[in-house]
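# Generate coordinates for the sequence data below:
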Amino acid sequence: MQRRMVACVMLMASVLSSAACAQDLATEKKTFELPSYTTVSGKTIKNVRIGWESYGQLNAAKSNAILVTHFFSGTSHAAGKYKPDDKVPGYWDAIIGPGKAIDTNTYYVISADTLVNLSAKDPNVVTTGPASINPDTGKPYGLSFPIVTIRDFVNVQKALLESLGIKRLHAVTGASMGALQVYEWASTYPEMVGKAVPVIGAGESDGYLIAWLDVWAAPIRLDPNWNNGDYYGARSRSTGSPWR
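Below is the predicted model of the structure:
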C-alpha cells in the first residue's frame, strides 16, 4: 500500500511538472541597430534594424547561449507568444522552453530575423529589407536593395551577439535555410561555435533546387503589378488603386 501511494505521488508530480513545462513562454520582439552594414559584395546599407527574440537567462559567464537561425519564409519568432491570447506560438515552441529539448531553464536562446526578412507586412517584423525606406531617396528600396548572402545574415547575427558580450555560443541550430546559416557559422567563425546542429539543410544547392527556385519565382514575375519589383507608388492594373 505504501509503495502504491509513493508511486501515485511520483506520478502526480510528473504530471504537474509536465503541465508546468507546457505553459507558454512570454516573449517580445526586440530591435538591434547598426548605423551601417557593408555586405560581402561591398554595398553599404544604412540604418540597419534587425528584430530578435530571446528565451531564458544569460548566465554570468555568458557561456550558455544558443542561437536559432530561421528558415527562408520564417522570422525570429521561434517560440512563445507575444500575448496570452495569441492563437499560435513561435514555430519551434515544441522544442524550446522549460524542460524541452532546448531547455530555457539551462540555456539562453536567441533568434534573430535574417537581413532582408520576407515577412515585411507582419507588424512584429522590424527588420531592414526591400520594403524599408532608403534614407538616401525617401522611398522604399525595392530591387535597389543590395543583394545579400547567407554570410551577410551570419555577420549581422555576429554583431548582435557581440553587442550582448557573447564571445562563444554553446550551439547554433536552425532548419532549412537556417541550417545553411549553421554551416556558415561553423565554417566562418568556428571559434565561436561550440556545437553545430543543422536540420534538414543541404551543404550546397544543386541544379534541381535552382530550377525549383525559378519555378517558385515565376508567379511573382508574371504578376501584372510586378513592374520589375518596383510595386511602390504605382497603381494596381487590376483595381486602379495605389499599390501598397
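
# In contact with the residue sitting nearest the centre point of the chain, which residues?
The residue lying closest to the centre of the chain (CA atoms, centre = their mean) is residue 76, at 3.1 Å. Counting by CB atoms under 8 Å, 6 or more residues apart in numbering, residue 76 touches 29, 51, 52, 53, 70, 111, 112, 113. (C-beta placed from N, C-alpha, C; glycine too.)

# and if you look at residue 210?
Residue 210 neighbours (CB under 8 Å, 6+ apart): none.

# Am I right that it falls within a strand?
No: counting by DSSP: H, G, I helix; E, B strand; the rest coil, residue 210 falls outside a strand, being helix.

# what helices or strands is the strand ranked longest in the chain leaning on?
Looking across the chain with DSSP state E, the single longest strand is strand 44-55. Secondary-structure packing of strand 44-55 (3 or more CB pairs under 8 Å, 6 or more residues apart in numbering; DSSP states H and E): strand 30-38, strand 108-112, helix 150-163.

# Skipping adjacent residues, who's closest to residue 228 in space?
Spatial nearest neighbour of residue 228, excluding adjacent residues (CB to CB, 6 or more residues apart in numbering): residue 143 at 6.6 Å.

# how deep is residue 209 tucked in, by neighbour count?
11 (other CB atoms under 10 Å).

# Equivalent analysis for residue 171, please.
19.

# Look up the closest residue to it, ignoring the ones flanking it.
Per CB to CB, 6+ apart, closest to residue 171 is residue 195, 4.0 Å.

# Kindly report the same for residue 142.
residue 230 (4.8 Å).

# you'd agree that neighbour is up against residue 139?
No: counting by CB atoms under 8 Å, residue 230 stays clear of residue 139, with 9.6 Å between them.

# Can you show me the strands along the protein?
30-38, 44-55, 65-69, 96-97, 102-103, 108-112, 133-134, 139-140, 171-175, 196-199.

# Now mean pLDDT too, for the ones you listed, in JSON lines please.
Shown next, in JSON lines, are the strands of the chain (pLDDT from 0 to 100):
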{"stretch": "strand 30-38", "mean pLDDT": "97"}
{"stretch": "strand 44-55", "mean pLDDT": "96"}
{"stretch": "strand 65-69", "mean pLDDT": "98"}
{"stretch": "strand 96-97", "mean pLDDT": "96"}
{"stretch": "strand 102-103", "mean pLDDT": "97"}
{"stretch": "strand 108-112", "mean pLDDT": "97"}
{"stretch": "strand 133-134", "mean pLDDT": "92"}
{"stretch": "strand 139-140", "mean pLDDT": "88"}
{"stretch": "strand 171-175", "mean pLDDT": "97"}
{"stretch": "strand 196-199", "mean pLDDT": "96"}
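
# re the thing from before, if I pick the residue nearest to residue 228, what's in contact with it?
Applying CB under 8 Å, 6+ apart, the residues contacting residue 143 are 130, 228, 229, 230.
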